[in-house]
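1. turn this into a structure:
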Amino acid sequence: FPVRYEKIEGASNDRLINQRDPELVIPFIDAAQRLYEAGVHAITGACGFMAFFQQEVQQALKIPVFLSPLLQLPFMYQTTGKKVGIITADAGNLFPKHFASTGVPKDFPMAIAGMENQPEFSSAVLKEKGTLDSDIIENEIVVVVKELVHQHPDIGSILLECSDLPPYAHAVQTAVGLPVFDFYTMITYVHTTLVRKHFHGFM
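-> Residues are numbered from 1 along each chain as shown. As a prediction, the model looks like this:
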């Protein structure tokens, strides 16, 4: 479906993920306002760490805002009644505010595994070396998710936090046999609410 992109001036992986720079909220809101004025019907992000600004941007806009796939966590738990497994780009940089900003309670049942120690993912995504070997990253994430589920056999679903991970959702599901959520499932879900169609056939 049609998508309009808007650059967040001054944003970088370092400012968003490592520094959690609160001043980034201003260019986030400005970019969202430009999208709204251009006529979009909803505003999304892809990176889970954008959760840091979910509430501020949502409150500044008159249309749906869903910046982070972490917003799906309560729904995921309610559908299975089991712990949610999260595969994130960098486990050390997921903080309580990321979860609080997306409506996740403090005692939420979850287990987190990071990709920061996987050589190809770390160098390609976190350190932005300029190239990416997709086959290697697929193998890396499969290793990580298998270990996570082995350590937490009570996991009922998997969330891929990072926007670079949805291409490997099929491999993840094949490896552990669980429902897999990511920013693609979030965007598709919200999009269906904005383009409702007439029902046809027998009812």
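2. contacting residues around residue 42?
-> 63-66, 190-191, 194 (Cβ atoms under 8 Å, 6 or more residues apart in numbering). Every C-beta, even on glycine, is put in place using the N, C-alpha and C of the backbone.
3. again, 6 Å this time
-> By Cβ atoms under 6 Å, 6 or more residues apart in numbering, the residues touching residue 42 are 63-64, 190, 194.
4. mind listing the helices for this protein?
-> With DSSP state H as the criterion, the chain has helices at 13, 25-37, 54-60, 73-80, 96-100, 119-121, 134-151, 169-176, 183-194.
5. which residue is nearest the centroid of this protein?
-> Geometric centre of the chain, nearest residue: residue 69, 3.1 Å, by Cα atoms, centre = their mean.
6. residue contacts, it?
-> Neighbours of residue 69 in contact, by Cβ under 6 Å, 6+ apart: 48, 182-183, 186.
7. ok, which of the helices of the chain comes nearest residue 4?
-> helix 25-37 (6.2 Å; Cβ to Cβ).
8. can I get the closest one in CSV? Just the C-alpha atoms.
-> The C-alpha coordinates for helix 25-37 follow below in CSV (Å, rounded to 0.1, in the frame of the first residue of the first chain):
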residue,chain,number,x,y,z
VAL,A,25,11.5,14.2,20.4
ILE,A,26,11.3,17.6,18.7
PRO,A,27,12.4,16.4,15.2
PHE,A,28,10.3,13.3,15.7
ILE,A,29,7.2,15.4,16.2
ASP,A,30,8.2,17.8,13.4
ALA,A,31,8.5,15.0,11.0
ALA,A,32,5.2,13.5,12.1
GLN,A,33,3.5,16.8,11.6
ARG,A,34,4.9,17.1,8.1
LEU,A,35,3.5,13.7,7.3
TYR,A,36,0.1,14.6,8.7
GLU,A,37,0.0,17.9,6.7
